[in-house]
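Asker: fold the following and give me the result.
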Amino acid sequence: MVTIVQGATKKPVSAQRLVTLFSELNELEGFLYIGYPVIGTAEGPYPIDAIFVSKQTGLIVFNLVEGVELGEFRETQDDSVNKLESKLRSHKSLMQGRQLKVTITPVTFAPAKENPQEFTSDDYQVCNEENMRAFILSLKWETPEYFKSLLAIVQAISTIRKGRKKRVPLKPDSRGAKLQMLEDSIANLDNLQGRAVIETVQGVQRIRGLAGSGKTIVLALKAAYLHAQHPDWKIAVSFHTRSLKGQFKKLINTFVIEQTNEEPDWENLEILHSWGSPGGGYNNGIYYSFCKHNEIEYLDFKAAKSRFASNKEFEGVCKKALDEVNYAKQIYDVVLIDEAQDFPPAFLKMCYDLLKPEKRLVYAYDELQNLSSQSLPSPEEIFGLDTQSKPLVTFEASQPGQPQQDVILEKCYRNSRPLLVTAHALGFGVYRQPPPNITTGLVQMFDHEELWKEVGYEVSEGQLAAGKRVVLRRTENSSPKFLEDHSPIEDLIEFNIFNTLEEQAQWLADSIQQNLAVDELRPDDIVVINPDPLTTRKAVGPARKILFERNINTHLAGVDTSPDVFFDSDSDSVAFTGIYRAKGNEAGMVYIINAQDCYSSFGSMAKVRNQLFTAITRSKAWVRVLGVGPMMAALKEEFEMTKNNQFQLDFTYPTEEQRQHLNIVNRDMTAAEKNAVRKKQENLTQLLSDLESGAVFAEDLGVEQLERLRNLLSKKEV
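Answerer: Presented below is the predicted three-dimensional model:
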């Protein structure tokens, strides 16, 4: 069977004919890439039309012809072979002495050309659909033992996952040495990630995956790949976490240079904030651009705050802008959105409306990293209906030979199995002590049971169905063993309880000093996260003061640095941050302070649990969860239960009615809503007290009101 990866191409007809031909070629196994690779040369980028890699045939490079004019096909074949050979010769694993052990066969595929054999010679092959099959099957690679190395090199789109600086650890078992080993092991993208980068959909594409599955890197490389293929396209990349801007720019710049030997044209490839403001350039954003191009009122945050509810400002301005524009100006050829779970649906619809007719929108998200606890609706709800009342966007099931609209990255390369399962157990409240009169400690749950399998879990016991007990575990494929084998489980993740905040700060400072002085970690290998963004500046002060007295530099990300900078590598400084700026970033050692705040919170239970999940999943290796008091002890108890269950999730899957109840009880409320609920609770408490004391009689309330109350309470029993 041939695996087909369809990238961007300027020759769609002949490319589709080639795809059809290979999808029916059952005699061979291999990989067909359309619109890949792009090779950097002294003259600039050189895009290859298509390649086929197989143990039987070696490497076939295709020159595609759309019409009947072959043009300078011999020169094109020569150029393609020479450039591919030059690229492959740089890899020792494909060489024997001075000899390249890969057979590269060029062929011109012109499906509309009759009698192509008239142009064929010993060195230059021309085929149409009638003779291409026979030609491919006639090829035989004499050294197929090099196939695995060849495929790995073809699929290694980029090695930019490596760390920011090359480490030189002096001790083979230090944390620094272990981190270097981990970074080397995940330097290349896997096949599924590589496909997600290359495959180009004419329409909307969704990329889903857990934290650490590579969504941000895939989006950055996809933007760079499309820019290399179509330098004239207007491409926009946007995101929720401001500190991702620098990361995106670095990733895209590095990849474009790798592929083209040139820097990107930043006029055509824009990295934009979601909101934006006047001033152009650095300040530009998607929402501001929408308002400017459509000549409607733009609202900054201050103006929006006076018009819309708290935490609904961005949703409000996006909805207002969409309502004021019937036919939006179409500016972009492609828009790519990271962290889509943190955006209101109106923002995604705005991005869709800014696109030219092909509507190439790519959005990536992780449902569990949604810090607002609001789920992202279906594409039918987000993008709406056409004039015939049909959905503008639907995701069809994947068809052989066609690019995937809905991509799931199930393999997690950042977090080890113990870290990820702990994050899920705490995020969902799997082992949380149930409140009085409630049958489950769960805080939230996926509406669709099968989503657990899609994100890399398998059933080890029970049944994955509503109302049934189930035990879920990570597979070795979705959580590679090497991510946890470098250290004992007790070292991978620790929960530490302190009597006072001062003790917590002292322990934190001592540990960071140990990391830097003994463990061979760099300052940018360490991040300290305070889950509550409103208290972060004050909460991190004591530990930063101690470190300052020990001549260890620290910074509050986005406050002491540019909003677009997270790690301040130039100053050898340790990053302290609130949860919002931590998103999208990662570090070898993650310290989470004041974790007791994530055990429970009136009016934002799901939100604080999601914050803890997000904080834990920032770690590439080790996590230290710190806190004070009884709520921290309760949180540690949940972790111990997770550990005692061999890092499996054992729970009864809630029914639809129970899930609805969880969503109501643990919903995220504004400050005004919390005050209103508290006032109602106080009123109810007072009423009950008056009824019990005889100050008020039940008959005083009226028969009708009592009956309504009984009916409501009977419906709410869970």
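Asker: in this protein, what helix or strand scores lowest on average pLDDT?
Answerer: helix 671-693 (a mean of 67; mean pLDDT, DSSP states H and E).
Asker: tabulate the CA atom coordinates of the next helix or strand after that helix in CSV.
Answerer: Using DSSP states H and E, the helix or strand that follows helix 671-693 towards the C-terminus is helix 703-715. Provided in CSV are the C-alpha atoms of helix 703-715 (Å, rounded to 0.1, in the frame of the first residue of the first chain):
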residue,chain,number,x,y,z
VAL,A,703,-48.7,26.5,47.8
GLU,A,704,-47.8,27.4,44.3
GLN,A,705,-44.3,28.5,45.1
LEU,A,706,-43.7,25.4,47.2
GLU,A,707,-44.9,23.1,44.4
ARG,A,708,-42.6,24.8,41.9
LEU,A,709,-39.7,24.4,44.3
ARG,A,710,-40.4,20.7,44.8
ASN,A,711,-40.6,20.1,41.0
LEU,A,712,-37.3,22.0,40.4
LEU,A,713,-35.5,20.0,43.1
SER,A,714,-36.8,16.7,41.9
LYS,A,715,-35.5,17.4,38.4
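Asker: which residues does helix 703-715 contact?
Answerer: residue 698 (Cβ atoms under 8 Å, 6 or more residues apart in numbering). All C-beta atoms are positioned from the backbone trio N, CA, C, and that covers glycine.
Asker: to the chain's geometric centre, what's the distance from it?
Answerer: 47 Å (Cα atoms, centre = their mean, to the nearest Å).
Asker: average pLDDT for that helix?
Answerer: The pLDDT scores in helix 703-715 average 73.
Asker: would you list the phi and psi of the residue nearest to residue 518 when sequence neighbours are not counted?
Answerer: Nearest residue to residue 518 in three dimensions, chain neighbours excluded: residue 174, at 7.8 Å (Cβ to Cβ, 6 or more residues apart in numbering). Phi and psi for residue 174, reported as degrees, to the nearest 10, are phi -70, psi 160.
Asker: same check, this time on residue 363
Answerer: According to degrees, to the nearest 10, residue 363 has phi -130, psi 140.
Asker: which ones are touching the residue nearest to residue 518?
Answerer: Residue 174 touches 518, 519, 520, counting by Cβ under 8 Å, 6+ apart.
Asker: residue 609 too?
Answerer: 426, 427, 428, 429, 443, 444, 598.
Asker: SS state for the closest residue in space to residue 319 that isn't next to it in sequence?
Answerer: Leaving aside its sequence neighbours, residue 319 sits nearest to residue 346 (Cβ to Cβ, 6+ apart; 4.7 Å). At residue 346 the chain is in helix, as set by DSSP: H, G, I helix; E, B strand; the rest coil.
Asker: for residue 410, see how far away the spatially most central residue of the chain is.
Answerer: Of all residues in the chain, the one closest to the mean position by Cα atoms, centre = their mean is residue 215, 3.1 Å from it. Residue 215 is 12 Å from residue 410, where distance means Cβ to Cβ, to the nearest Å.
Asker: what does residue 60 give?
Answerer: Residue 60 is 31 Å from residue 410, by Cβ to Cβ.
Asker: what's the answer for residue 2, then?
Answerer: From residue 2 to residue 410 the distance is 23 Å (Cβ to Cβ).
Asker: same check on residue 273?
Answerer: 30 Å.
Asker: and for residue 708?
Answerer: 49 Å.
Asker: the two: who's more crowded?
Answerer: residue 410 (19 against 11; other Cβ atoms under 10 Å).
Asker: list the contacts of the nearest residue to that one once chain neighbours are set aside.
Answerer: Nearest residue to residue 410, sequence neighbours excluded (Cβ to Cβ, 6+ apart): residue 456, at 4.0 Å. Contact analysis of residue 456 by Cβ under 8 Å, 6+ apart lists 210, 410, 411, 412, 474, 475, 477, 478, 479.
Asker: out of those, which comes closest to residue 306?
Answerer: For the contacts of residue 456, the minimum distance to residue 306 (Cβ to Cβ) is 38.3 Å, reached by residue 210.
Asker: and the closest one, its phi and psi?
Answerer: Per-residue torsions, residue 210: phi -70, psi 170 (degrees, to the nearest 10).
Asker: do you know the pLDDT at it?
Answerer: Residue 210 is given a pLDDT of 81.
Asker: what's the answer for the one 10 residues further on, then?
Answerer: At residue 220, the pLDDT value in this model is 92.
Asker: follow-up on the earlier one: mutual contacts of residue 215 and residue 410, please.
Answerer: Common neighbours of residue 215 and residue 410 (Cβ under 8 Å, 6+ apart) are residue 209.
Asker: where's residue 445, which helix or strand?
Answerer: Going by DSSP H and E, residue 445 is not in any helix or strand.
Asker: I figured it hits residue 660, correct?
Answerer: No - using Cβ atoms under 8 Å, residue 445 makes no contact with residue 660, being 10.7 Å away.
Asker: same drill for those two, tell me which one is more crowded.
Answerer: Set side by side, residue 445 and residue 660 show more neighbours around residue 445, with 21 against 13, by other Cβ under 10 Å.
Asker: what sits against the more buried one?
Answerer: 428, 653, 654, 659, 662.
Asker: same question for residue 233.
Answerer: Applying Cβ under 8 Å, 6+ apart, we find residue 233 in contact with 226, 227, 268, 333, 334.
Asker: could you rerun that using 7 Å?
Answerer: 226, 268, 333, 334 (Cβ atoms under 7 Å, 6 or more residues apart in numbering).
Asker: residue 96 too?
Answerer: Taking Cβ under 7 Å, 6+ apart as the definition, residue 96 has no contacts.
Asker: which phi and psi does it have?
Answerer: The phi/psi pair for residue 96 (degrees, to the nearest 10) is phi -130, psi 100.
Asker: tell me what it is bridged to.
Answerer: Beta bridges link residue 96 to residue 99 when assigned by DSSP bridges.
Asker: again, but for the one 10 residues further on
Answerer: Per DSSP bridges, the residues bridged to residue 106 are residue 61.
Asker: distance-wise, check it relative to residue 442.
Answerer: 59 Å.
Asker: so what's the residue count around residue 325?
Answerer: 16.
Asker: need the residues that contact stretch 592-601.
Answerer: With Cβ under 7 Å, 6+ apart, stretch 592-601 has contacts from 504, 508, 528-532, 539, 608-609, 611-612, 615-616, 623, 625-629, 631-632, 634-635.
Asker: actually stretch 138-155, sorry about that
Answerer: Counting by Cβ under 7 Å, 6+ apart, 31, 53, 55-59, 88, 91, 93-94, 101-103, 105, 191, 194 sit against stretch 138-155.
Asker: if we go to 8 Å?
Answerer: Here stretch 138-155 has contacts from 31, 33, 37, 51, 53-60, 88, 91, 93-94, 101-103, 105, 188-191, 194, using Cβ under 8 Å, 6+ apart.
Asker: quick check: mean pLDDT of that stretch?
Answerer: 90.
Asker: tell me the buried residues in it?
Answerer: Going by neighbour count (16 or more other Cβ atoms under 10 Å), the buried part of stretch 138-155 is 139, 141, 144, 146, 147, 149, 150, 151, 153, 154, 155.
Asker: for PyMOL, what selects the buried ones among the contacts of residue 445?
Answerer: Remark: buried members of those, expressed as a PyMOL selection using 16+ other Cβ under 10 Å:
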select buried, resi 428+653+654+659+662
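Asker: from the contacts of residue 445, pick the one nearest residue 543.
Answerer: Among those, and counting by Cβ to Cβ, the member closest to residue 543 is residue 428, at 29.9 Å.
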